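Chemist: Sequence below, structure please.
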Amino acid sequence: MLALLLAALCPTQKLPAVRSTALEVLHYRLDALGADVGTFEIRAEPPPASERSRAALRLSSRAKTSAFVSTNLGRFETYATALVARDFTPLHYREDLDENDVHRGVELLFPPLNGTLAVKATKNGEPEPLAVELTDNVRDMISTLYLLRLVPMNQPVCLEVFAGRKVWKLTGQLTAKESIDTPLGRFMTIRFDGDAVRTDDPKIRRTAHVWMTDDERRLPLVAIGDVRGKTIRAQLVSVPGLRRAAKK
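Modeler: Next up, the predicted model:
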């Protein structure tokens, strides 16, 4: 939902270095027009011992529909993990998605070999074709969400992102500073605004907005974007060590 896109090709960009490998767990509540639709969790932690020679960070995310949505509209649950290097280049991405009784898995191996990214896709355990064009610049969705927390104010962002079994071109930047109310209180924030176009179908466009704390941690407090034709809002409801911004 946070992949922001543009039809023009993205130039190669210098990425910020990984800032911390301390454990961080962010819990979000998902709603559509105020109605509870599910939960979302993001974790950042040191990489496994077997990967520490090349990886600096292991990221994971889990999203699932609420009991009401699962019972009345259908169950949807996804779990993904990503390894990134110290310079924030992607190393490995794995995504597992359950939609009712159908299980799909996707695995991306970085870096590309001779311009081609290795991809393994399955459906209910059997190989499944995945018709996407993957270039040297493609990265995964989870590390992109984390990356938005590291870029400087007013610096344009232009990236190619693999999300939902498609590749998107994303553009946007951190611009506005504003005070907002959240389930955890009122905070001074910086806002990321972006637009979206899918690479295989330019008619499919999305917009997204993310509000982050205006401090060193840049915790994502609220995100609003389109998911499967519906506007979904994610609000942070739990995070260890959060300091509320002083009221002004």
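
Chemist: Can I get stretch 108-125 in CSV, CA atoms only?
Modeler: Output in CSV follows, covering the C-alpha atoms of stretch 108-125 (Å, rounded to 0.1, in the frame of the first residue of the first chain):
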residue,chain,number,x,y,z
LEU,A,108,13.6,-13.0,-4.9
LEU,A,109,17.4,-13.5,-4.9
PHE,A,110,19.6,-10.4,-5.2
PRO,A,111,21.7,-9.1,-6.9
PRO,A,112,20.5,-9.8,-10.5
LEU,A,113,22.7,-12.2,-12.6
ASN,A,114,23.4,-10.7,-16.1
GLY,A,115,20.5,-8.3,-15.6
THR,A,116,18.0,-10.9,-14.5
LEU,A,117,16.7,-11.3,-11.0
ALA,A,118,16.2,-14.9,-9.8
VAL,A,119,12.5,-15.5,-8.9
LYS,A,120,10.8,-18.5,-7.5
ALA,A,121,7.0,-18.5,-7.3
THR,A,122,4.6,-21.2,-6.1
LYS,A,123,0.9,-21.8,-5.7
ASN,A,124,-0.2,-24.4,-3.1
GLY,A,125,3.4,-25.8,-3.3
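
Chemist: For it, which outside residues touch it?
Modeler: Applying Cβ atoms under 8 Å, 6 or more residues apart in numbering, the external contacts of stretch 108-125 come out as 89-94, 102-107, 127-130, 132, 134-136, 138-140, 162, 165. No exception for glycine: its C-beta is placed from N, CA and C like everyone else's.

Chemist: now swap in stretch 40-60 and tell me
Modeler: Residues outside stretch 40-60 that contact it (Cβ under 8 Å, 6+ apart): 18, 20-30, 61-63, 79-86, 91, 142-143, 145-146, 234.

Chemist: Pull out the buried positions in whichever strand or helix holds I224.
Modeler: Assessed by DSSP states H and E, I224 sits inside strand 220-227. Buried positions in strand 220-227, judged by neighbour count with 16 or more other Cβ atoms under 10 Å: P220, L221, V222, A223, I224, G225, V227.

Chemist: and what of stretch 103-119?
Modeler: For stretch 103-119, burial by neighbour count (16+ other Cβ under 10 Å) applies to R104, G105, V106, L108, F110, L117.

Chemist: from those residues, which ones fall inside helices?
Modeler: Of those, none are assigned to helices by DSSP state H.

Chemist: Mind putting those residues into JSON lines with distance to T189 and pLDDT?
Modeler: As requested, those are exported to JSON lines (distance: Cβ to Cβ, whole Å; pLDDT from 0 to 100):
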{"residue": "R104", "distance to T189": "35", "pLDDT": "93"}
{"residue": "G105", "distance to T189": "36", "pLDDT": "94"}
{"residue": "V106", "distance to T189": "33", "pLDDT": "93"}
{"residue": "L108", "distance to T189": "32", "pLDDT": "89"}
{"residue": "F110", "distance to T189": "32", "pLDDT": "82"}
{"residue": "L117", "distance to T189": "35", "pLDDT": "74"}
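
Chemist: Tell me which entries of the residues you listed lie within strands.
Modeler: R104, G105, V106, L108, F110, L117 (DSSP state E).

Chemist: Run through the bridge partners of the third one.
Modeler: For V106, the beta-bridge partners under DSSP bridges are E95, A121.

Chemist: Grab the longest strand from the chain for me.
Modeler: Under DSSP E, the chain gives strand 166-182 as its longest strand.

Chemist: Distance to P48 added to the buried residues of stretch 103-119, as CSV?
Modeler: Formatted as CSV, those follow (distance: Cβ to Cβ, whole Å):
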residue, distance to P48
R104, 24
G105, 19
V106, 20
L108, 18
F110, 17
L117, 22
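
Chemist: residues in contact with the closest residue to L219 other than its chain neighbours?
Modeler: Leaving aside its chain neighbours, L219 sits nearest to T213 (4.6 Å; criterion: Cβ to Cβ, 6 or more residues apart in numbering). The contact partners of T213, taken as Cβ under 8 Å, 6+ apart, are F187, M188, T189, L219, L221, A245.
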